[in-house]
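Colleague: The following block contains a protein sequence and its predicted model.
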Amino acid sequence: MAVKILYILSSYNKFGGTPKKTMDLIKYSSNECHMYVWTNAYSKEFKNDFIESGAKIFEGNYKKNLYKHIKSLLNIIDEHDIEIIQSQFFFGELLAGILKTLRPKVKLIIAFVTSSSPSGYKRHILNKIYRKVDAFVYISNYVKNEKTKAHPLLKQANGHVIYNGTNKPPSRDKTIPLRGETINILCVSGLSKIKNVQILIDCAMILLKGGHTQIKFIIAGGGPAIASYRRQIKEKGLSETFELLGYQKNIGDLYKTTDIFVHPCYVEGFGIAVAEAMLEKKSIIVSNAGALPELIKDRKTGLLVNPFDAKQWADAILLLIKYPDFARQMATNAKIHAEREFSVTRFVEDYDKLYKNLLEQS
């Protein structure tokens, strides 16, 4: 029998991992899925994608007006006999906690999709909410450890690590034209401080000083640091070495001309772009930090390096170029591992088991 689930989301933004994962849960499960979006940001771009996935969509563009959100959500729960609510992030958790108080028979799942936790009064509020939650989901053991440090009561809670799942990224069968024997190094990332793209600029300087001019870094993603990176690249004479593309909808196109994939973030909660690169059978270098060592096993499925050591990044790139057979074997291993551990099928099955188990406990 289909489970009646209500997902509470902040927006339709598919560039964010949480909306994309929710869409997969809706599309590939047999459950009756309802979705409440508490802002209508990105609705013109992606709303139809969620409709096509099979979701019954409700919108509450009431900003931070709790009363109006709760009133709308209660109507949805009562009219559609919702059995499970799933939410994340502070405001979504706040809404879900209030709903659990008013409709205690509905099961509540909080999914932790980042390692960060609020402080002060927000943390106090969350601790009260977490006592009402029926199950917690962590996207990695790293996130679980960070969350239990911030909220010790979670150590005794019903918690589950469910790794994200993904498919190969979308492609239009187009490629970026290349010149000569260029080695293309791709980074798919938001451009903020913690994503640590700065280290790639420092790495490029080392490579160029060593005479390795055939290397090109392609950065797909946008964010608050993009202007700073553009300025640095120009000032350091790296305009021919870097290409900042901004957000890209068809990342699969870029993989066709990618030799090496890099992900330098130092507090990554999971790394969905890394899982996509694994499925694309790419040579991979990531930071030895956050959850990334849970995805990549050093010298088995990729290379792990110090996130803040530019020379280590340069040496790792040169290693993959110098030993192509070694690089190809790791890429093959990565693809096999990702197909088993990070597929959408496995992801949906794990969530379906959780939903079923929660309802059986009623």
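Modeller: Received the coordinates, thanks.
Colleague: the strands in the stretch 101-250 of the chain, which residues?
Modeller: Assignment of strands within the stretch 101-250 of the chain using DSSP state E, counting those that start in this stretch yields the ranges 107-112, 135-138, 159-161, 183-188, 215-220, 242-246.
Colleague: Now those in TSV, please, with extra columns for mean neighbour count, mean pLDDT and distance to I296.
Modeller: (Glycine included, C-beta is placed from N, CA and C.) Shown next, in TSV, are the strands of the stretch 101-250 of the chain (neighbours: other Cβ atoms under 10 Å; pLDDT from 0 to 100; distance: least, Cβ to Cβ, whole Å):
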stretch	mean neighbour count	mean pLDDT	distance to I296
strand 107-112	24	98	21
strand 135-138	22	98	19
strand 159-161	16	98	17
strand 183-188	24	96	15
strand 215-220	21	96	19
strand 242-246	16	94	24
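Colleague: quick one: which of the ones you listed is nearest R230?
Modeller: Across the strands of the stretch 101-250 of the chain, R230 has its closest neighbour in strand 242-246 (6.2 Å, Cβ to Cβ).
Colleague: if we can go back for a sec, so which of the strands of the stretch 101-250 of the chain is nearest C265?
Modeller: strand 183-188 (9.6 Å).
Colleague: Can you give the contact residues for that closest one?
Modeller: Strand 183-188 is contacted from outside by 176, 178, 197, 200, 214-221, 248, 251, 254-255, 257-264, 273, 276-277, 282, 317, 321, using Cβ atoms under 8 Å, 6 or more residues apart in numbering.
Colleague: Tell me the strands beside it, with direction?
Modeller: Using DSSP bridges, strand 183-188 pairs in its sheet with strand 215-220 (parallel), strand 260-263 (parallel).
Colleague: out of the ones you listed, which comes closest to E146?
Modeller: The closest of the strands paired with strand 183-188 to E146 is strand 260-263. By Cβ to Cβ, the value is 18.5 Å.
Colleague: Could I get the average pLDDT for that closest one?
Modeller: The average pLDDT for strand 260-263 rounds to 98.
Colleague: Where does the prediction get shaky in the stretch 1-150 of the chain?
Modeller: The stretch 1-150 of the chain contains residues with pLDDT under 70 at 41-43.
Colleague: Recalculate using a threshold of 80.
Modeller: 1, 14-17, 40-45 (pLDDT under 80).
Colleague: so E341 touches Y163, yeah?
Modeller: Yes. Using Cβ atoms under 8 Å, E341 is in contact with Y163, at 6.2 Å.
Colleague: Of those two, give the one with the bigger neighbour count.
Modeller: Counted by other Cβ atoms under 10 Å, E341 and Y163 do not tie: Y163 has more neighbours, with 21 against 15.
Colleague: Contacts only, for the more buried one.
Modeller: Counting by Cβ under 8 Å, 6+ apart, Y163 makes contact with 139-140, 270, 294, 341-342, 346-347.
Colleague: ok, 10 Å please
Modeller: For Y163, the contacting residues are 138-141, 270, 272, 275, 291, 294-295, 341-343, 346-347, 350, by Cβ atoms under 10 Å, 6 or more residues apart in numbering.
Colleague: how near is it to V188?
Modeller: Per Cβ to Cβ, to the nearest Å, Y163 is found 18 Å from V188.
Colleague: quick one: which of the contacts of Y163 sit in strands?
Modeller: Applying DSSP state E to the contacts of Y163, the entries found in strands are Y138.
Colleague: how many other residues sit next to G60?
Modeller: G60: 20 neighbours (other Cβ under 10 Å).
Colleague: Please report how far it lies from K71.
Modeller: Between G60 and K71 the distance is 9 Å, computed by Cβ to Cβ.
Colleague: repeat for A111
Modeller: Counting by Cβ to Cβ, the gap from A111 to K71 is 24 Å.
Colleague: re the thing from before, pipe the strands paired with strand 183-188 into TSV and attach distance to K132 per row.
Modeller: Output for those, formatted as TSV (distance: least, Cβ to Cβ, whole Å):
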stretch	distance to K132
strand 215-220	40
strand 260-263	36
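Colleague: if we can go back for a sec, out of the contacts of Y163, which are buried?
Modeller: Buried subset of the contacts of Y163 (neighbour count, 16 or more other Cβ atoms under 10 Å): 138-140, 270, 272, 275, 291, 294-295, 342-343, 347.
Colleague: I8 against I98, yeah?
Modeller: No. Assessed by Cβ atoms under 10 Å, I8 is found out of contact with I98, at 11.2 Å.
Colleague: Many thanks, have a good one.
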